[in-house]
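Whatever this is, show me its structure:
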Amino acid sequence: MGRIEKTVFISYRRTKFPWALAIFQNLTQHGYDVFIDYNGIVSGAFERVILENIVARAHFLVLLTPSALERGGNSADWLRREIETALDAQRNIVPLMLEGFDFDTPAIASQLTGKLAALKHYNALSIPPEYFAEAMDRLRGRHLNLPLDSVLHPVSIFAERAAKQEQAAARSAPVWHQHIDWAIGNTGAVDCPEQYLTYLDCILGGGRSCLMRHAIEEARANNCSLAFRLTLITQCHNSGAQTAIALAGEAAVCDYLKKK
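So this is what the prediction gives:
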């Protein structure tokens, strides 16, 4: 019987970074050694670092949203190359279905060309934002807790050093902090004025920054539920940011706002 490995590679589109970071942090907290391209590896080293780390890790998680495979028809597309490398290396591939991704959707089915067609035969896992913790429990307990008999290839010192640098950066910088800080400083026109109707002063001037002042006031008054809702409204134009903030949770967001 093969050994249980706790090494993971996360493959994702940059536009879905909040999802990737939330998954990285959850797995890391549970003792997994996870590779994530956090800062963006320098171009000259990118291919070597990425491909070596895919082959050197037992599990390959690919984050799939309805738009994730739109560029997959291009043989040079990096998400496609990462998937194909994992297939060739016979890693334990787990497609993570996000934001309503469905292999049976005609548009998505048409994008599963060449080696990508094999993805639909793997044991995929849906991760709804409202049940993120439960989905991660299933991921760790069922999809990653498997004995593996395949040979893992050692990574070079150079690729290992790059992986550790990316891991350290990802651990230290919650991306949802950045989204909130951006909203606090943004005084431009709002994208969804209908959600600001209770706070007409913010529509007339101040925009997101104004609404975040209200959120901070509510947090300091321990009305965390309202503070959390107001914070999410400021990101109505950015589903990725809303996801990151939602995954952080009401308590963490409220505590962060109280310090502002």
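
any low-confidence regions in the stretch 151-260 of the chain?
151-156, 158-159, 162-163, 166-167, 169-173 (pLDDT under 70).

So which residues of it form helices?
Using DSSP state H, counting those that start in this stretch, the helices of the stretch 151-260 of the chain run over residues 157-172, 175-185, 200-204, 207-220, 224-233, 239-248, 250-258.

Including mean neighbour count and distance to Pro193, could the ones you listed go into CSV?
To be clear about C-beta, it is placed using only N, CA and C from the backbone, and glycine gets the same treatment. Formatted as CSV, those follow (neighbours: other CB atoms under 10 Å; distance: least, CB to CB, whole Å):
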stretch, mean neighbour count, distance to Pro193
helix 157-172, 16, 35
helix 175-185, 18, 15
helix 200-204, 14, 5
helix 207-220, 21, 9
helix 224-233, 21, 11
helix 239-248, 22, 17
helix 250-258, 17, 23
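
Any chance of the ones you listed in TSV with distance to Glu47 as columns?
What follows is the helices of the stretch 151-260 of the chain, written out as TSV (distance: least, CB to CB, whole Å):
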stretch	distance to Glu47
helix 157-172	10
helix 175-185	25
helix 200-204	47
helix 207-220	39
helix 224-233	38
helix 239-248	26
helix 250-258	37
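
mind checking which of those helices is nearest Tyr38?
helix 157-172 (4.1 Å; CB to CB).

and Val94, what helix or strand is that in?
Element membership for Val94, per DSSP states H and E: strand 92-97.

Please name the residues that touch Gly240.
Shown in contact with Gly240 (CB atoms under 8 Å, 6 or more residues apart in numbering): 15-19.

just to revisit the earlier point, for the helices of the stretch 151-260 of the chain, which one sits closest to Ile83?
helix 157-172 (18.9 Å).

which SS state does Met136 fall under?
Of the three states, Met136 takes helix under DSSP: H, G, I helix; E, B strand; the rest coil.

Setting the sequence-adjacent residues aside, check what's closest to it.
Spatial nearest neighbour of Met136, excluding adjacent residues (CB to CB, 6 or more residues apart in numbering): Asn26 at 4.8 Å.

So what's the predicted local confidence for the one you found?
pLDDT recorded at Asn26 is 90.

from here on, count from 3
In the new count, where the first residue is 3, that last one comes out as Asn28.

quick one, the one helix or strand it maps to and helix 177-187 angle?
Here Asn28 sits within helix 19-31, counting by DSSP H and E. For helix 19-31 against helix 177-187, the angle by axes from the mean of the first three to the mean of the last three CA atoms, to 10 degrees is 140 degrees.
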